[in-house]
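# Test case, fold it:
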Amino acid sequence: EVQLVESGGGLVQAGGSLRLSCAASGLTPDDDAIGWFRQAPGKEREGVVCISLRDGRTYGGDAVTGRFTISSDNAKNTVYLQMNSLKPEDTAVYYCASGTHCSAYVWNWGQGTQVTVSS
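Take a look at the predicted model:
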């Protein structure tokens with residue numbers, strides 16, 4: 001059974017930084033992708049950025065280019081989301097999810113971590 005545990009969320013002022021972690025267990029060889037998603041109050045969940053565990057390629061992230069960086073430490077089964085220059089509109093619950101690839105329709109979800117950016 002795949003389990004994903006996010007951590008690192010919190011309250012930060014605009015312009016600040018946070019690093020989210022996604023600790024994964026139970027992944028199978030077919031689980032090549034870990035993605036970060038977010039859901040702001042009153043909005044639908046949206047994809048932020050995704051990484052292939054096999055080759056480290058990243059996908060998506062156009063909306064956060066230059067501010068957010070996804071990386072993976074396969075030895076620790078952990079994926080990180082470094083978020084810099086945070087804006088109030090980045091406030092959301094951030095979820096990590098695993099899938100067979102970054103364009104997958106089916107994902108295994110973590111429980112989410114709250115990120116709040118104050119102005």
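# which parts of the worst-scoring helix or strand of the chain on mean pLDDT are buried?
None of the helices or strands of the chain scores lower by mean pLDDT, DSSP states H and E than strand 58-60, at a mean of 93. Using 16 or more other C-beta atoms under 10 Å as the burial criterion, the residues of strand 58-60 that qualify are Y59, G60. Backbone N, C-alpha and C define where each C-beta goes, glycine included.
# What of stretch 80-95?
For stretch 80-95, by 16+ other C-beta under 10 Å, it's Y80, L81, M83, L86, D90, T91, A92, V93, Y94, Y95.
# ok, residues contacting the least confident helix or strand of the chain?
G35, G47, V48, V49, C50, I51, S52, I70, C102, S103 (C-beta atoms under 8 Å, 6 or more residues apart in numbering).
# Adding distance to G15, write those out as TSV.
Converted to TSV, the contacts of strand 58-60 look like this (distance: C-beta to C-beta, whole Å):
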residue	distance to G15
G35	26
G47	24
V48	19
V49	20
C50	26
I51	25
S52	31
I70	21
C102	29
S103	33
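# what about the residue sitting nearest the centre point of the chain, which SS state?
Using C-alpha atoms, centre = their mean, the residue of the chain that lies closest to the mean C-alpha position is W36, 2.4 Å off. Secondary structure, DSSP: H, G, I helix; E, B strand; the rest coil: W36 is strand.
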